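Chemist: Turn this into a model:
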Amino acid sequence: MKKISEQYKLMKEGKTYQFDDFLYEKQKECAKTLTKINALPFGNKKREKMLKNIFSNLGKNCVIKEGFRCNFGFNIIIGNNCYFNYNITILDSFEVKIGNNVFIAPNVLISAVTHSLEAKERCNLEGGETIIEDDVWIGAGAIIFPKIRIGKGAVIGAGAVVTKDVPPKTVVAGVPAKVIKTLQ
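Modeler: Residues are numbered from 1 along each chain as shown. All right, here's what the predicted structure looks like:
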């Protein structure tokens, strides 16, 4: 195994970093494993074992349907009783924490990473920890931006673009997402 790179250390510290050979190899390994995982139907024992190995943590009683994609996997922590429908993408260039009882509808993007608007600095990867607390439901086609916290029991409407933290027990929808309802 290659020596851990300085850029990897910066990533794990949540600091701006640049892609290097070490990270490229890690991403390539993840892509190969995901190709194997996505070739098998959900519920397959071999598939479940590979999924457990790719994440930092995968809780009990989780379903991750085909079409799942991520950058590395080792920056993803998933709680218990989660359901990821088809074609979920998690850009985990920084840590992504997903609580218990989280339901994610098809075609959702959770991105913990972005790039500078300044062209000279665009090669840098920026972002930070993205947290989805317990009992959250994310509707189909939603996009979650980096450094977002979605509070316990919140609902993200289909197609919403979440650019700011979401308070617990609220429903947000729209582009950009705004609170449209408070739940009991």
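
Chemist: residue closest to the middle of this protein?
Modeler: I90 (3.2 Å; Cα atoms, centre = their mean).

Chemist: List the contacts of it.
Modeler: Taking Cβ atoms under 8 Å, 6 or more residues apart in numbering as the criterion, I90 is in contact with R69, C70, N71, I76, V96, L109, I110, S111, A112. All C-beta atoms are positioned from the backbone trio N, CA, C, and that covers glycine.

Chemist: what does F22 give?
Modeler: K2, K3, I4, S5, Q7, Y8.

Chemist: try C62
Modeler: I78, N80, N81, C82, Y83, F84.

Chemist: Pull out the buried residues from those residues.
Modeler: I78, N81, C82, F84 (16 or more other Cβ atoms under 10 Å).

Chemist: Out of those residues, list just those in strands.
Modeler: Counted as lying in strands by DSSP state E, out of the buried ones among the contacts of C62, are I78, F84.

Chemist: check contacts around D20.
Modeler: S5, Q7, Y8.

Chemist: at 7 Å what do you get?
Modeler: Neighbour list for D20: S5, Q7 [criterion: Cβ atoms under 7 Å, 6 or more residues apart in numbering].
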